[in-house]
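Prediction below, plus the sequence it came from.
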Protein chains: 6
Amino acid sequence: MKKVVTFGEIIMRISPPGNKKLIQSNQLEYYFGGTEVNVAISLSQLGNGANHVSAVSNDFLGKAATSYLNTYGVDTDFVQTSEDPLGLYFLEVGAVMRPSTISYHRSHSAFSTIKSSDLDWEQILEHCNWFHWTGITPALSEEAYKGLKNALLVAQKKNIPVSADPAYRKNLWNYGIDARAALSELSGLSTIFIGGPNEINELLGTNFTNDTDDFIKSCKYLQEKFPYIEKVFDKTRVSLNANWHKIKSRMWDGNTFHETEELEITHIVDRIGTGDAFASGLIHGLLHYDDQKALQFANASCALKHTIEGDANLVNEEEIVSVIEGNLTGRIKR
Amino acid sequence: MKKVVTFGEIIMRISPPGNKKLIQSNQLEYYFGGTEVNVAISLSQLGNGANHVSAVSNDFLGKAATSYLNTYGVDTDFVQTSEDPLGLYFLEVGAVMRPSTISYHRSHSAFSTIKSSDLDWEQILEHCNWFHWTGITPALSEEAYKGLKNALLVAQKKNIPVSADPAYRKNLWNYGIDARAALSELSGLSTIFIGGPNEINELLGTNFTNDTDDFIKSCKYLQEKFPYIEKVFDKTRVSLNANWHKIKSRMWDGNTFHETEELEITHIVDRIGTGDAFASGLIHGLLHYDDQKALQFANASCALKHTIEGDANLVNEEEIVSVIEGNLTGRIKR
Amino acid sequence: MKKVVTFGEIIMRISPPGNKKLIQSNQLEYYFGGTEVNVAISLSQLGNGANHVSAVSNDFLGKAATSYLNTYGVDTDFVQTSEDPLGLYFLEVGAVMRPSTISYHRSHSAFSTIKSSDLDWEQILEHCNWFHWTGITPALSEEAYKGLKNALLVAQKKNIPVSADPAYRKNLWNYGIDARAALSELSGLSTIFIGGPNEINELLGTNFTNDTDDFIKSCKYLQEKFPYIEKVFDKTRVSLNANWHKIKSRMWDGNTFHETEELEITHIVDRIGTGDAFASGLIHGLLHYDDQKALQFANASCALKHTIEGDANLVNEEEIVSVIEGNLTGRIKR
Amino acid sequence: MKKVVTFGEIIMRISPPGNKKLIQSNQLEYYFGGTEVNVAISLSQLGNGANHVSAVSNDFLGKAATSYLNTYGVDTDFVQTSEDPLGLYFLEVGAVMRPSTISYHRSHSAFSTIKSSDLDWEQILEHCNWFHWTGITPALSEEAYKGLKNALLVAQKKNIPVSADPAYRKNLWNYGIDARAALSELSGLSTIFIGGPNEINELLGTNFTNDTDDFIKSCKYLQEKFPYIEKVFDKTRVSLNANWHKIKSRMWDGNTFHETEELEITHIVDRIGTGDAFASGLIHGLLHYDDQKALQFANASCALKHTIEGDANLVNEEEIVSVIEGNLTGRIKR
Amino acid sequence: MKKVVTFGEIIMRISPPGNKKLIQSNQLEYYFGGTEVNVAISLSQLGNGANHVSAVSNDFLGKAATSYLNTYGVDTDFVQTSEDPLGLYFLEVGAVMRPSTISYHRSHSAFSTIKSSDLDWEQILEHCNWFHWTGITPALSEEAYKGLKNALLVAQKKNIPVSADPAYRKNLWNYGIDARAALSELSGLSTIFIGGPNEINELLGTNFTNDTDDFIKSCKYLQEKFPYIEKVFDKTRVSLNANWHKIKSRMWDGNTFHETEELEITHIVDRIGTGDAFASGLIHGLLHYDDQKALQFANASCALKHTIEGDANLVNEEEIVSVIEGNLTGRIKR
Amino acid sequence: MKKVVTFGEIIMRISPPGNKKLIQSNQLEYYFGGTEVNVAISLSQLGNGANHVSAVSNDFLGKAATSYLNTYGVDTDFVQTSEDPLGLYFLEVGAVMRPSTISYHRSHSAFSTIKSSDLDWEQILEHCNWFHWTGITPALSEEAYKGLKNALLVAQKKNIPVSADPAYRKNLWNYGIDARAALSELSGLSTIFIGGPNEINELLGTNFTNDTDDFIKSCKYLQEKFPYIEKVFDKTRVSLNANWHKIKSRMWDGNTFHETEELEITHIVDRIGTGDAFASGLIHGLLHYDDQKALQFANASCALKHTIEGDANLVNEEEIVSVIEGNLTGRIKR
């Protein structure tokens, strides 16, 4: 069994039912998630070992958070507790042309006050086959950034493949560091880059367009700058509106370009975590298949996540493979 | 802050969850609404003062009804109490080609037994910038009709703009007055007419078709008959089925014709109150913008209401403006 | 009032809310159903007498099951009780390209242990105008098969029309009989065959394609083999995905071919029991209208079922006729 | 099987969850009930035939109301439909020293506008073993009163035992008849009187206290006035608060006095319909047992109803007998 | 109409349903509250004007918070918005001997970052008849403490009565000020002291016991220290367990001692906010009745709050008076 | 960390909400449990390692079952999958004198068809500090009985303490073995006996009463027969009704008798699994404390379980110790 390690905040998502606004109902629903958590949970559902490193509050919320990860098979032995509260966010779910809205309560959270010196990456990354990180973690606090950097250095030393999803969220990054520099440094320590021209432009200040030619050029330029990166995987999304998307994926393996067919999601169930489902599908694919099937697997995983409630993709390998094989009618399995 | 006054029944809407029939669930959900209430609530959400005049039952339902209006910022100082019960209706929600069904419990309701002589419109309409009425109120009882007529006379005296949404609901009008005559009389006391050939045909016994030429002709004819009317605003709806509509709006400002782009709602959340959202968007637009932007604002407000649960549109000005500016993909706002 | 008799398992369906997986919620929702039950309930809702013959557990589940049928007007005087548990299944509802999944708990159920000798079909079928069966019942146990065969023999003797929906479900049929032989024998005792090339191929080992020509050929071949069969009715389904289907129906009345327009269901509410809604619509149509209107009625009934939650179609005759007449916009009925 | 006929309004009860006030939740829960309905449902649950005569609205509420009675085995063949709405009431549930509050919507209801001439009591009371009425029905409208009186005259002619629960509800009785005179007239046509000094004082203007001596005296006086009455059954309630009651029952059989042990309900689940549970227990008891066991059965039925949610007692005979036998610890039955 | 002003945090309470632990359900329920908010809401429900001064987040949570206060009639014109998140807490509800547990998320909240200089108390306290404060507000931040002190100074200048509920919550007070000194200073600016020996001991470092003699002594001592205080009101609670309490109240009016009867709450619905219900009942009593009735009113208000879900007491004046008059059986009001 | 192994069925409990009967609601709630599962979960919550051995269905129910155990920290590495369905039961919850009722669906379940030869107890019991069994497991099937017996033999060989809770459930034991003989054999292989005169009488055919003298005598007699048993622990329960119990515990350590104080649970939240909470409290106590504190811990654990929803006790060590220390008022912990 392959073992993947992730590092990031466990965050609680709270929302009123359906498309209601908060004041319209005294009922709420919650999930635990977080971009790296979502990747860990999905990799566990796909049959891999998953170990999530984090810090949670020392109260019943923190306990519920780790219990939730355990439910989905994620190991939480390296989750610390803190006297600060668990990060959380409230979500009002939009529809059609009305956007969903999020209110974050994650400043001063248990994770953001983590101590990087408490993380023994030599131990944590023992027997580890993959490490995954995203641009959220280094944005949350300097200690989180340091912790992540240490992890990447140890991973490099141990020759562990590292996937980077360095999306830049400008609302975060409030602790006084240059986001672009930090994300560049961390990307340079990674072997797989998840992103395309948009992310590369953000990182390197370039102006690539989103078409295939520029995708290839941007990948080459990225590898020039960060030679440790071996491959680039990117999904593209066409949003008709909040309920109807189309997903297609492409890759640059250092030599050649590949892309998938487009998958259409006409009735989205939950939009959150679909990027993480691409990442988890990709990691699973790269651990078990060749690149091209990995790309298809990531694309189908992303598409299927739109049909799953909550933050993490809970489909299994068989369901993803079935979509790759072209079974798109959703016929009941008895 | 602009202040709008509305007058009409506060009605409770009760329905089983989702698309269930009543007997399929012992659970129900409720909202308070009513066509003029919906307009008042939306205008308050858009930042205007809103004062709704009505009568409710002297029990916990009546108290809940006014509290509900207060929740959404509507002033209820001129809501009377009565020993008769609050009006209500039950709704079974349809889907696709299956219509929703409504059972009304509004005969003998607190509002229908309101006393017109108890309404001091001179006081109520003080500092008022707009008065809005619909064809429901005069249909409910003779006293409601009289109360409304008095309001319009005072509004005219005070030079307050008056919007009329004189839709004719034939199931109502049971108290022995000629509906067409009453609606004509009241429309003649209004400055803004919300409706198009259908409503004008109902009112004036004409046979205009729904195309642009006839829309313009019907507006001219209407203004000939009711010279106090200054402008006509109309939305047109294409219903593919109960879940999928397209909305487009047009106006006649006395001189020129304008129309909006069409907005498509592929996944309707709640169909009720979309006409009221057009009216509230229009009134807000006319109070704050020029005619053409008011029309676009009304059209976008109407479209967005299809994504909101309950009777009243709860979106804010920024959300409507964003749709006018072409942001239709419903991307999450973090 | 026409009276229809059905025979089969009453099965409880249990599912987590919405599109959740079981582990994602501690809440569940249930319905009672079963393919023949669904037909009986719908026929009752359409104004016919319906009498369902079955066996349930001798506990509060069995009592709730028969009470549920009574709610929808189905007579349960010939439902026996047994010390074995009620059959049930769990359903996780999919979306778009993700299939729904079912876990059955129906082996050793109260119905599967029914005693055929306890069923006095002479009495049960008194004053009966129609008998309906499906391929599920004979698949469940030898006694169920025998009971059904006895029913068909008595029906033939009494000249009661018999509709057969002999779909072959390969997961069932575990008691050691040849499914094809049994289904053929039972189809041979029926007057109306519900199915098309797929079902005929399953039954007779043929290879007809699904096009119109082959449909006609397959019907002729079927009647050659089973001359007691008078007519064949078939619906065809195009599944874009789990949420979006198109339904069209066709028939062979022994002499001529007819087909309906296609009905599109863009937002499916509940996919389960749509075949049963075709059957119940067909039976009602054949009992009250001519063949062609019966076909249209069956097609519209099937389409409308996709908008109803639960297993059985709960629409009334007026709603189905309205769809036949082309009212597809789902406009609210006040 | 004994068959009991009841006559009265089917009323819908709607309440927010738990002890919430209406404005505290957008969720509601409903039951159908009505004092005579509750008696009919319980008698059906106890294994008797029950036929409820009423009028309901000609819409989905009326259909749901009769379907609900069918669920619990009550025959609704003599339920008429009307264009007036179904009666309903809203309930806010209190606790400890806080009373529950009710808001009625039953004026002008479908039942109150019933036509007495449409009720063919000769047919309805065929093969009937018992007729039960309460003081609610004649209070609702003159036609309801006349319909009930006709029923009692036919019952007397047919020698059908008649139980009267002539509680006087002063908020009702708004149609201009003398309540005391009407209730006296109807009680005089009954064989079993359910009530004690309170009810007798209300009826006859007497001043009996509630102690045993006065109970006996009041019974004797009642029988003097209404010689057709054979026996009097009365339950006494001690209310510590809204959650904690004690129930004890007594009877006068014309010759002797009997009383039961006291049953204590320390954690009331639902207080509504406990009087009706006494009545249904009594009727079942008198139909199947001797007077003294009937009294115990009524007392235990009343006590057990406090543990059942909704308006009607849903316990079975075995459960009531078990309480009579002294099994009060509520041990789980596996 | 009397007008009361309160000042403090609006805090959101989130809890899993019933007695469940967080991880046991994905459903949550919420209320808005806060000790001073609860007082304001109750005073509004009792018919007084209530104006709550606070700061909330500038997002949909903040908007929902003020809308919630508006629902219950509390004026929020002086509620500021802030870029910090709304304070909230999670509650797991215990039972019998199992305590409820609370996890607070209120550090760095919108209220704790309020600017005292933004509060114009001269304007806020215009036409104000009462000001109420508790020990929570000054514990949250230095600015909150300063804002409160300014309010008390203005109130003193304007001769507005001030009630102090200076309970000391040791988990708060983290910003480096001496809690006892601050609470003493603020108590010295108040006219009504809510508390008894426990609170006085905390404040003044004394060792009074809880018996009547010591209560009187402690009051005298308190008035010696803080001569501006006119009267002392205290409730005493006997907790059998989490579900069963007894409440009794006492006062020292500067000259004489009074106490109430004990009220027993055998089935507690919600324990939170019962102290606030004592305070609001007391303030209403002192504004409208004599001292002794005010004490009884406070005691009954406190007892009744145990029967109300959520943080604030929602009973009306009539319900409290009824309890004072000895109506404790909770009989249904029809 | 101490590690405990348990062996038994994971069973799903499904019930309608509150005190409703199944037919009264289409909503259900579920938990996973099973007597040995409950012990494992509680021991994990108390900080011990817990490993549960079982077999579940090879579908989403089986997956949800093991995920549920993982949520609460129980290791499921030795849980097998089977093609048979997961065992489950339906529960209607009673109140006061109305018993709860259970309908089992556990015949032919995945666990009952477990193969004893597939269980490698040498491996499973490695590093194990305790083994616990109950009388349910051997009652379910011959293979379950054999599997358990093998476990006990290996435990004996490894000197692992074994607690026996050999309650005899007569509805089970349908596979043709003598229950008393089997339970005696298995008890003889255990070191700790959980039970008292009732259980000993069942096992040995004796007639001990439940008083202290006979308790001691029965313990001595038991040890005479089964010398491997070292100590006997027993809880006694006084049930006022289904909502109100008192719990007290006693022990015989081979030499002396001890007993605890009585704990009163006036408002039971959930009665199920309280015996298992006694067992888990006892095992934790014996693993970490002396006998007398273990007894108190078991008693308090049992009492506290009555306040927890679901089958397993979820309180932590601190909460139990607090009750032992006499904190019974359930005061909120902030």
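On my side now, so go ahead. All values reported here derive from a predicted model rather than from experimental measurement.

Every contact and neighbour count from this point should use C-alpha atoms.
Fine.

can you give me the helices in the stretch 1-150 of chain A?
Secondary structure of the stretch 1-150 of chain A by DSSP state H, counting those that start in this stretch: the helices cover A:35-45, A:60-71, A:121-124, A:137-140, A:142-157.

Turn those into JSON lines, columns for mean pLDDT and distance to E:V4.
Listed next are those as JSON lines, based on pLDDT from 0 to 100; distance: least, CA to CA, whole Å:
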{"stretch": "helix A:35-45", "mean pLDDT": "98", "distance to E:V4": "47"}
{"stretch": "helix A:60-71", "mean pLDDT": "98", "distance to E:V4": "37"}
{"stretch": "helix A:121-124", "mean pLDDT": "98", "distance to E:V4": "58"}
{"stretch": "helix A:137-140", "mean pLDDT": "98", "distance to E:V4": "43"}
{"stretch": "helix A:142-157", "mean pLDDT": "98", "distance to E:V4": "47"}
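
Using a markdown table, lay out those together with mean neighbour count.
Below are the helices of the stretch 1-150 of chain A laid out as a markdown table (neighbours: other CA atoms under 10 Å in any protein chain shown):
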| stretch | mean neighbour count |
| --- | --- |
| helix A:35-45 | 29 |
| helix A:60-71 | 22 |
| helix A:121-124 | 15 |
| helix A:137-140 | 25 |
| helix A:142-157 | 20 |
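
Chain C is nearest to which of these?
Closest of the helices of the stretch 1-150 of chain A to chain C is helix A:60-71, at 8.4 Å (criterion: CA to the nearest CA).

which other residues reach the closest one?
Under the contact criterion CA atoms under 8 Å, 6 or more residues apart in numbering or on different chains, helix A:60-71 has outside partners A:10, A:12, A:32, A:37, A:41, A:56-57, A:75-76, A:79, A:81, A:86, E:22-23, E:103, F:67-73.

show me the contacts for A:G188.
Per CA under 8 Å, 6+ apart, neighbours of A:G188: A:226-229.

Now for the residue in the stretch 101-250 of chain A positioned nearest to chain D: which residues touch it?
Closest residue of the stretch 101-250 of chain A to chain D, CA to the nearest CA: A:T101 (21.8 Å). By CA under 8 Å, 6+ apart, the contact set of A:T101 is A:91-94, B:332-334.

pretty sure A:T329 is touching C:G94, no?
No - using CA atoms under 8 Å, A:T329 makes no contact with C:G94, being 10.7 Å away.

list residues touching both of those two?
C:A242.

Of these two, which one has the most company?
More neighbours surround C:G94 than the other of A:T329 and C:G94, with 24 against 20 (other CA atoms under 10 Å in any protein chain shown).

per-residue pLDDT, that one?
You'll see C:G94 listed with a pLDDT of 97.

what does the one 3 residues further on give?
Turning to C:M97, the model gives it a pLDDT of 97.

shouldn't it be in contact with A:E325?
No - between C:M97 and A:E325 there is no contact under CA under 8 Å: 11.7 Å.

out of those two, which sits in the busier spot?
Shown here are C:M97 and A:E325; by other CA under 10 Å, C:M97 has more neighbours (30 against 11).

where's that one relative to A:A298, distance?
Using CA to CA, to the nearest Å, C:M97 is found at 15 Å from A:A298.

what do you get for A:V238?
Between A:V238 and A:A298 the computed distance is 17 Å (CA to CA).

the more surrounded of the two?
When neighbours are counted by other CA under 10 Å, A:V238 and A:A298 differ, and A:A298 comes out ahead with 32 against 13.
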